[in-house]
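> give me a model of this one.
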Amino acid sequence: MVDYFIEVIKLIALDHIAVAGNSLDQASDHIASSLGVKLQKGGYHERFGTHNRLLGLTDGLYLEAIAIKSETKKSRYPRWFNLDNFEGNARIINWICRSTNINSDLMNLFYEGTEIVRIKRDQLEWLMALPRDGILPFEGAAPALLQWKTTPPTGKLAPSGCSLKHLTIFHPEAKKIENKMQILNDSRVSYEVHKRLHFFAEFATPNGIRVLE
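All right, here's what the predicted structure looks like:
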């Protein structure tokens, strides 16, 4: 008699989208003016000297406005999302996926020069795969990867009436990114070849279909 073993592949899932600005107000105002809704209070990330505000979406997703807190000293570590080198207008800076086994998924994604760090903010705790130079693969077009150790913040966010319809990642090597991201099975995410990195997200909102870039 032959035994058959079926390997179950646990896929990662889209968790949230980060919007950066030169200040938290700038990042928050960009989301609020684009979608026509207000964000909620977030908190402070001591390791990186950054702070955020959040907007709850449907399907367990959320938007994060994030910026360096101006009165903090320079971080001992390269700041996540390459915020040390951020300049220009507020914009989507990265997308973040959640894992149930970050060590395994990190190996499957072939991220190099990355370490897994435990992070706490208020009552939240998670593991996050952070590049040692602060820059995610493909100039930041590849997603950041985290694993929640506590309940995600979405359960504490008031409903905004907004939902993600689609997120497009534009990059010169979009096809390579798509191939690496086979571990993500989400029809709302697509990849398009373009001469520069750019994010384009469409949302259904109480004010109709709105775009965030």
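> what residues sit buried inside the lengthiest helix in the chain?
Criterion DSSP state H: the longest helix present in the chain is helix 24-35. For helix 24-35, burial by neighbour count (16 or more other CB atoms under 10 Å) applies to L24, A27, S28, H30, I31, A32, S34, L35. The C-beta positions use only the backbone N, C-alpha and C, and glycine is treated the same way.
> let me know the closest of these to R91.
Proximity of the buried residues of helix 24-35 to R91 (CB to CB) peaks at H30, which lies at 7.2 Å.
> quick one: name whatever helix or strand follows the worst-scoring helix or strand of the chain on mean pLDDT.
Least confident helix or strand, the chain: helix 102-109 with a mean of 84, by mean pLDDT, DSSP states H and E. Heading C-terminal from helix 102-109, the first helix or strand you meet, by DSSP states H and E, is strand 114-121.
> buried residues of the following helix or strand past that next one, list them for me.
The element immediately downstream of strand 114-121 (helix or strand, assigned by DSSP H and E) is strand 124-131. Residues of strand 124-131 classed as buried: L124, W126, L127, M128, A129, L130, P131 (neighbour count, 16+ other CB under 10 Å).
> what is the burial count for the residue nearest to the fifth one when sequence neighbours are not counted?
The one in question is A129. Leaving out its chain neighbours, the residue that sits closest to A129 by CB to CB, 6 or more residues apart in numbering is L145, at 4.4 Å. Neighbour count for L145, taken as other CB atoms under 10 Å: 23.
> wait, what's in contact with L145?
When contacts are counted by CB atoms under 8 Å, 6 or more residues apart in numbering, L145 touches I12, I96, C97, R98, S99, I102, D105, L106, L109, Y111, M128, A129.
> and if you look at N207?
The contact partners of N207, taken as CB under 8 Å, 6+ apart, are L35, G36, V37.
> any low-confidence regions in the protein?
The model of the chain has pLDDT under 70 over residues 1-10, 110.
> please name the bridge partners of A18.
A18 forms beta bridges with E64, N94, as assigned by DSSP bridges.
> likewise for H166?
E202.
> that one touches A201, doesn't it?
Yes. Counting by CB atoms under 8 Å, H166 touches A201, with 7.0 Å between them.
> quick check: closest non-adjacent residue to M128.
L146 (4.5 Å).
> that neighbour bridge partners, please.
Note on L146: beta-bridge partners by DSSP bridges are R98, M128.
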